[in-house]
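Enquirer: Fold the stuff below for me.
(one chain, ligands or ions: 1)
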Amino acid sequence: MLFYQLTGFMGASEDDTIACKAPHLPDPSTASLLLDFDGTLVEIADRPDGIVVTDKVRYLLRHASERLEGRIALVSGRSIEDLQRFLPDFDGPLIGTHGAEMRIDGERTETEKIDHSTVSRLIRLAEDFGALRPEFLVERKPSGVVLHYRQAEDHAALALRFMESLAMAADGFRLQPALMAYELKPENIGKDVALRKLLAMPPFAGTTPVFIGDDLTDEPALDLVQEMGGFGIKIGEAETVARHRLADPSGLIGCLEEWLG
Ligand SMILES: O=P(O)(O)OC[C@H]1O[C@H](O[C@H]2O[C@H](CO)[C@@H](O)[C@H](O)[C@H]2O)[C@H](O)[C@@H](O)[C@@H]1O
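Expert: Residues are numbered from 1 along each chain as shown. I've put the predicted structure just below:
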């Protein structure tokens with residue numbers, strides 16, 4: 001990766017940088033902004049509770065909401081409850097738990113029917129495993145469970161084997177590799193599936209969507225917005241379907257400030 005590829009928007013397979021103000025970015029008056037959370041708006045931390053939501057991020061969300069007349073949503077793997085805890089002032093739409101739940105106009109709904117009894121069993125099994133191996137961190141989700149191995153990188157293979165065997169035991173659930181974590185989630189949910197629904201609703205319908213994300217779970221949503229004539233931006237160096245790239249959350253915030261004016 002060349003330095004300049006990480007300092008501005010760049011087409012994934014092109015050789016030219018694209019400045020934030022360039023005509024490549026849709027006019028804010030016709031655009032909607034869809035933002036992933038961890039690794040995109042906030043820096044990755046050692047533990048899920050360790051992230052810092054800066055004043056800049058809070059200001060940016062407020063400003064974007066006004067400037068885009070409400071056409072801004074967060075699209076996260078975190079639960080709605082978690083997002084609300086970290087962003088108590090943001091009252092726009094939230095897509096949570098990788099698309100399993102949404103909050104629109106303050107009302108939380110599940111987007112698909114969830115097998116809660118299997119979810120409870122999976123959580124119990126993962127927590128029992130976590131009690132035996134405290135180097136792993138178990139995170140409960142409304143539609144699944146995550147086994148984090150950031151504190152136990154040498155044991156990543158063990159985390160994978162355990163979560164793979166749980167996935168084999170739970171019909172309708174699949175293993176989702178994430179950043180230093182393995183998650184079990186229902187196979188019919190995805191950020192792209194929920195996003196397609198949101199983008200069909202006012203005030204998003206008919207706009208040019210700009211989706212920004214860093215993780216594997218963001219790839220289908222990056223693909224979706226590009227298919228719809230929108231703009232996909234990858235944060236970081238990982239392989240992506242996105243046509244554009246930025247280095248990190250602070251680079252993104254600078255660019256969005258410039259774009260929104
Ligand atoms: O879709 P996102 O908003 O990017 O959320 C993805 C997951 O983020 C959290 O885990 C990740 O970030 C943690 C804090 O930086 C980090 O410690 C962990 O290693 C990462 O996997 C969150 O805990 C998950 O529930 C989200 O699915």
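
Enquirer: separation between the residue of the chain at minimum distance from the ligand and residue 47?
Expert: Nearest residue of the chain to the ligand (Cβ to the nearest ligand atom) works out as residue 77 at 2.4 Å. (Glycine included, C-beta is placed from N, CA and C.) Noted for residue 77: a distance of 15 Å to residue 47, by Cβ to Cβ, to the nearest Å.

Enquirer: How about residue 25?
Expert: Counting by Cβ to Cβ - residue 25 and residue 47 are separated by 34 Å.

Enquirer: Looking only at neighbour counts, state which of these two leads.
Expert: Each of residue 25 and residue 47 has its neighbours counted (other Cβ atoms under 10 Å); residue 25 has more, 21 against 11.

Enquirer: Assign a three-state SS to the more buried one, would you?
Expert: At residue 25 the chain is in coil, as set by DSSP: H, G, I helix; E, B strand; the rest coil.

Enquirer: And the one 4 residues further on, by the same measure?
Expert: Local secondary structure at residue 29 is given as helix here, using three-state DSSP.

Enquirer: Contacts only, for residue 149.
Expert: For residue 149, the contact set (Cβ atoms under 8 Å, 6 or more residues apart in numbering) comprises 135, 136, 155, 156, 159, 180, 181, 182.

Enquirer: redo that, cut-off 10 Å
Expert: By Cβ atoms under 10 Å, 6 or more residues apart in numbering, residue 149 lies in contact with 133, 135-137, 155-160, 163, 180-182.

Enquirer: so which of these also contact the ligand?
Expert: Counting by Cβ under 6 Å from any ligand atom, 180, 181 from the contacts of residue 149 sit close to the ligand.

Enquirer: how about the contacts of residue 149, which pair is most distant?
Expert: Greatest spacing in those, by Cβ to Cβ: 137 and 157 (16.9 Å).

Enquirer: ok, now which ones touch the residue of the chain closest to the ligand?
Expert: For residue 77, counting by Cβ under 10 Å, 6+ apart, the contacting residues are 36-38, 95-100, 139, 141, 146, 176, 178-179, 181, 183, 185, 191, 213, 215, 217-218.

Enquirer: Any residues of the stretch 151-261 of the chain in contact with the ligand? List them.
Expert: 178, 179, 180, 181, 215, 217.

Enquirer: Help me confirm that the third one comes into contact with residue 45.
Expert: No - in this structure, residue 180 sits apart from residue 45 without contact. The criterion is Cβ atoms under 10 Å, and the distance is 11.1 Å.
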